[in-house]
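*Asks:* Quick one, structure for this:
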Amino acid sequence: MDQFQDDVREALEHLYDYMFLENHPLAVAVDGEANGWKRGTTLHRLLVETINRLKPPDGTPSHSPLWRRYRHAAMRYIEKATVIQIAEELGVSERQTRRDRQDAILAVADLLEQRLGTALRAYQEGARASAPITQSAAAMGLTLDKEVARISTPEPHSPVPLSDALAGVLSIVAHLASKKELRLRTRSPDHLPPLASECTVVRQILLSVVMWVVELAAPFQEIEVVAEVERGNLRVGSAFSLAEPASSDRLEAAEGRLAVGSKLASMQGGSIRTGRSGAAGRIELVLPTAQQPTVLIVDDNPGMRRLMRRYLSGRSYLVLEASNATDALRLATDVQPDAVTLDLMMPTTDGWELLQTLRSQPRTRQIPIVVCSVLKERDLALSLGAADFLAKPITRDALLQALSGVVATG
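*Replies:* Presented below is the predicted three-dimensional model:
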């Protein structure tokens, strides 16, 4: 294995150690201009995206080496499964599992090499030699809690729909659950508020919760994962019959994974609580919902979207963006933002048609829409249901005043 592949393996092994990643040589190649933790989160996201790119196309046999390579990478590095757990799920020997790990690392390295291009060449020509020597957080005498305290401001992100994240996690663990003769199902209100946490963090927290249940549950039962909203927090819980006695390996794996999830939940202002009473077990995850009002900016001009996002930076808004009517309608329906700013002149489906669609659908008709356009059609926009109209070019004060008139910022 050459130096680059070895660096990829090292970064994958520390996928959730953001302090380690921010000083890693690959972080310099990925985003050398970024500072500190932001560089670490950028490398984290790139590694997760690259693993997901290993997923074979639809129609590929589930027993193929391509599927095994992808599932190994996802389980080992994203889900933090052990060699024994991977071997059991994929139905191969532990020796084969270790060979698959090498194949997965090489495949991730190949994709990263294609993605990084000239940045990788700079890395190979000397960036690595001048990069800081990496150490684990433990070796540096630091804990995740101290690192969390150091990170006072999270990187901007879109709110996360819980239903999508939970469905994705249940899909990930479905095969392992079925091998234990477990059936997992969810129960939740029709419309759950989005979460304020970053998407990959939410998924890892949920994964740690669900895998704790799968590891410790007795077989041949249907387990319900219940989600509900209470006092601005989202609660996800489950109660089930325990397998007794749980093997020491499984108990250690379950508790270790849950420790990671608990730390990540704490980072988001949430918590994970577990309980065991006789043959019954229970777990509850609490995470804050996105309390800030959400504004969806709809404009096909990326420069205008950047300008409006900059106008709203430092204000009490979570900002989403859409460059076309299709994405805008999907986001408006799924996330239900507190307000939409809408450009009228867009290709394919213009703002007029989107305005009428948003006003006509039950899920979106109550969302206030601020039309922003060079067209001087204020009266027409208001007659079609717009809450306000701003003529371009738009000033910061005008945008903030319009939004303050249609949505409360708390």
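*Asks:* so how far is the helix or strand containing Leu296 off the chain centroid?
*Replies:* Here Leu296, judged by DSSP states H and E, is contained in strand 294-298. Computed by C-alpha atoms, centre = their mean, to the nearest Å, the chain-centroid distance of strand 294-298 equals 19 Å.
*Asks:* For that strand, C-alpha coordinates in CSV please.
*Replies:* Taking C-alpha atoms only, strand 294-298 is exported to CSV below (Å, rounded to 0.1, in the frame of the first residue of the first chain):
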residue,chain,number,x,y,z
THR,A,294,-36.3,28.6,8.0
VAL,A,295,-36.2,30.7,4.8
LEU,A,296,-36.1,29.0,1.4
ILE,A,297,-34.4,31.2,-1.2
VAL,A,298,-35.6,30.3,-4.7
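*Asks:* just checking, next helix/strand downstream of that strand?
*Replies:* As assigned by DSSP H and E, the chain's next helix or strand after strand 294-298 is helix 302-312.
*Asks:* Check which element follows that following helix along the chain.
*Replies:* Later in the chain than helix 302-312, the nearest helix or strand by DSSP H and E is strand 318-322.
*Asks:* Let me see the mean pLDDT of that next one.
*Replies:* Average pLDDT, strand 318-322: 87.
*Asks:* Stretch 268-285 too?
*Replies:* 89.
*Asks:* Next: stretch 24-31.
*Replies:* pLDDT averaged over stretch 24-31 gives 76.
*Asks:* picking up where we left off before, list the neighbouring strands of the strand holding Leu296 plus their orientation.
*Replies:* strand 318-322 (parallel), strand 339-343 (parallel) (DSSP bridges).
*Asks:* Could you dump these into TSV and include mean neighbour count?
*Replies:* Bear in mind the C-beta positions are built from the backbone N, C-alpha and C, glycine included. Formatted as TSV, those follow (neighbours: other C-beta atoms under 10 Å):
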stretch	mean neighbour count
strand 318-322	21
strand 339-343	25
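*Asks:* In JSON lines, list these along with distance to Ile86.
*Replies:* Shown next, in JSON lines, are the strands paired with strand 294-298 (distance: least, C-beta to C-beta, whole Å):
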{"stretch": "strand 318-322", "distance to Ile86": "36"}
{"stretch": "strand 339-343", "distance to Ile86": "45"}
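*Asks:* Going along the chain from the lowest-mean-pLDDT helix or strand in the chain, find the next helix or strand for me.
*Replies:* The helix or strand of the chain with the lowest confidence, counting by mean pLDDT, DSSP states H and E, is helix 144-150 at a mean of 40. Downstream of helix 144-150, the next assigned helix or strand under DSSP H and E is helix 162-179.
*Asks:* buried sites along that next one?
*Replies:* In terms of neighbour count (16 or more other C-beta atoms under 10 Å), helix 162-179 has its buried residues at Leu162, Ser163, Ala165, Leu166, Val169, Leu170, Ile172, Val173, Leu176, Ala177.
*Asks:* From those, pick the one nearest Ala87.
*Replies:* Using C-beta to C-beta, Leu176 is the member of the buried residues of helix 162-179 that lies nearest Ala87, at 11.9 Å.
*Asks:* Hmm, that closest one is touching Glu89, no?
*Replies:* Yes: under the criterion of C-beta atoms under 8 Å, Leu176 makes contact with Glu89 at 5.0 Å.
*Asks:* How about residues contacting the helix or strand hosting Leu112?
*Replies:* Assessed by DSSP H and E, Leu112 sits inside helix 94-116. Residues from elsewhere that reach helix 94-116, judged by C-beta atoms under 8 Å, 6 or more residues apart in numbering: 1, 4-5, 8-9, 12, 26, 29-30, 46-47, 50-51, 53-54, 65, 68-70, 72-73, 76, 83-84, 86-87, 90, 92, 120, 123.
*Asks:* I'd like to know which of those are buried.
*Replies:* Buried among those by 16+ other C-beta under 10 Å: 4-5, 8-9, 12, 26, 29-30, 46-47, 50-51, 54, 68-70, 72-73, 76, 86-87, 90, 120, 123.
*Asks:* So Val236: helix, strand or coil?
*Replies:* In three-state terms, and counting by DSSP: H, G, I helix; E, B strand; the rest coil, Val236 is strand.
*Asks:* count of neighbours near the residue lying closest to it once chain neighbours are set aside?
*Replies:* Nearest non-adjacent residue to Val236, counting by C-beta to C-beta, 6 or more residues apart in numbering: Leu285, 4.4 Å away. Using other C-beta atoms under 10 Å, Leu285 is surrounded by 25 other residues.
*Asks:* Please apply the same query to Asp334.
*Replies:* The burial count assigned to Asp334 is 14, neighbours taken as other C-beta under 10 Å.
*Asks:* quick one: contacts for it?
*Replies:* Asp334 touches Pro161, Asp164, counting by C-beta under 8 Å, 6+ apart.
*Asks:* what helix or strand is it on?
*Replies:* Counting by DSSP H and E, Asp334 is found in helix 325-335.
*Asks:* ok, the most centrally placed residue in the chain to Thr186 distance?
*Replies:* Taking C-alpha atoms, centre = their mean, the centroid of the chain lies closest to Cys199, which sits 1.6 Å from it. Distance of Cys199 to Thr186, computed by C-beta to C-beta, to the nearest Å: 18 Å.
*Asks:* cool, Ala387 as well?
*Replies:* 35 Å.
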